[in-house]
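Visitor: can't give you the sequence, but here's the structure:
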């Protein structure tokens, strides 16, 4: 079976990871990557990659790849740069990808093969890292738009038989009772692969695909095939929260850069779609938008890991208010500087309790969705204004810890807050 392997499949980024590729990449299975998840320093990354290359006798026609590093777990507390990978090899392309799969680092050899130079502009939706003051590349690439040129070089060198990999990747899920997988925002080349697999009878699972077949479905909010289309909401008095989602593993300055990028996208869409969309910073602005037949856009943040107990926090809180942000979750699922999400059991930190007051002082609603029970109690004890659970269901109906117990719903009601429903199937029924 001749199935083309698009670069997106091997990018370890976002929607293309439809079955076991991400799983295998982090466990040294089918994909030939060094596991960097246990590395705690740049030196360990270098030595792990060198050992990996030596054991596999990787030469100039090959590629040295590693996956799973997390700058938060490194003593250097920052991303590696190309100098770290140049120490591994100067004549073999080297590429490592972050645990989030949204960013990576290349050595000089790979940058040259990919045609990425200091004069290469940042692509729309992506970014190349630069050495301070020089404009030279530091090897860092952020988001698929910047990473795909690197994968265009590395993918052919891997020599993978994708058709042979598919049965084992599916078996991982089937053995655990998972029979349906979802692939969101499927690119045309990936859709072609899925169709080829289905026609060949190689899919033993149901694959639900939300395709971007031949067009960018998120080109504009005005009319698209994604979740929010102004063409579909235009017939209703509709107020929509647009959340800047910050993953747990992205923190500090990096998280703030991501927030600013999302902010710029919202501002662009507000300008493009001004006849259908208006930002609502107040109840009066929301009412005015609805009266004019527009969708009212409320800017929110989910997982504000750019707020850390440091000198940048106050300025960033002010910037949130200036941007019109009107609701912020204190955590996502894991721990951060403010507290712990539902995957953990710790309450708010001292900094987290102070953030509750600082958000309230700026007219920003505290969102307790994703907080665990201890953190929820801390908000109850700290908050002086109504707070919200933007997307949390009733735990009495479905016992998932992301849902709210009866006592929590009563606390919300007593303080004048609200709870919004969550249609994620995991939170709807036991």
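Guide: Happy to help now that I have it. Since the structure is predicted, the reported quantities are computational estimates derived from the model, not experimental observations.

Visitor: Now residue 298: closest residue in space that isn't a chain neighbour?
Guide: Excluding its sequence neighbours, the residue lying closest to residue 298 (C-beta to C-beta, 6 or more residues apart in numbering) is residue 241, at 4.8 Å. All C-beta atoms are positioned from the backbone trio N, CA, C, and that covers glycine.

Visitor: pretty sure the one you found is touching residue 390, no?
Guide: Yes: here residue 241 reaches residue 390: they are 6.7 Å apart, a contact under C-beta atoms under 8 Å.

Visitor: Residue 389: how many residues sit nearby?
Guide: Look at residue 389: counted by other C-beta atoms under 10 Å, it has 27 neighbours.

Visitor: re earlier: can you tell me how far the residue nearest to residue 298 sits from residue 324?
Guide: Distance, residue 241 to residue 324, by C-beta to C-beta, to the nearest Å: 12 Å.

Visitor: now swap in residue 246 and tell me
Guide: Applying C-beta to C-beta to residue 246 and residue 324 gives a distance of 17 Å.

Visitor: Tell me how many other residues crowd residue 134.
Guide: Neighbour count for residue 134, taken as other C-beta under 10 Å: 9.

Visitor: actually residue 424, sorry about that
Guide: Quick note: residue 424 (other C-beta under 10 Å) scores 11 neighbours.

Visitor: cool, and residue 413?
Guide: 12.

Visitor: do the same with residue 72
Guide: Residues near residue 72, counting by other C-beta under 10 Å, number 15.

Visitor: got it, and residue 197?
Guide: As a burial measure, residue 197 scores 20 neighbours (other C-beta under 10 Å).

Visitor: That one falls within a helix, correct?
Guide: Yes: counting by DSSP: H, G, I helix; E, B strand; the rest coil, residue 197 is located in a helix.

Visitor: Find residues that contact each of residue 241 and residue 390.
Guide: Both residue 241 and residue 390 are in contact with 300, 327, where contact means C-beta atoms under 8 Å, 6 or more residues apart in numbering.

Visitor: Looking only at neighbour counts, state which of the two leads.
Guide: Between residue 241 and residue 390, counted using other C-beta under 10 Å, the more crowded position is residue 390 (21 against 17).

Visitor: Does residue 84 belong to a helix, a strand or coil?
Guide: Following three-state DSSP, the label given to residue 84 is helix.

Visitor: for residue 398, same thing?
Guide: coil.

Visitor: So residue 366: helix, strand or coil?
Guide: Of the three states, residue 366 takes strand under three-state DSSP.

Visitor: and if you look at residue 95?
Guide: Quick answer, by three-state DSSP: residue 95 is strand.

Visitor: again, but for the one 10 residues further on
Guide: When the structure is reduced to helix, strand and coil (three-state DSSP), residue 105 reads as strand.

Visitor: Could you tell me which residues make contact with it?
Guide: Residues in contact with residue 105 (C-beta under 8 Å, 6+ apart) are 79-82, 84-85, 95-96, 139-141.

Visitor: same check, this time on residue 333
Guide: Applying C-beta under 8 Å, 6+ apart to residue 333 gives the contacts 248, 341-343, 370.

Visitor: Determine which two of these are furthest apart.
Guide: Within the contacts of residue 333, two members stand farthest from each other by C-beta to C-beta: 248 and 342, at 11.7 Å.

Visitor: which of the contacts of residue 333 lies closest to residue 329?
Guide: residue 370 (5.4 Å).
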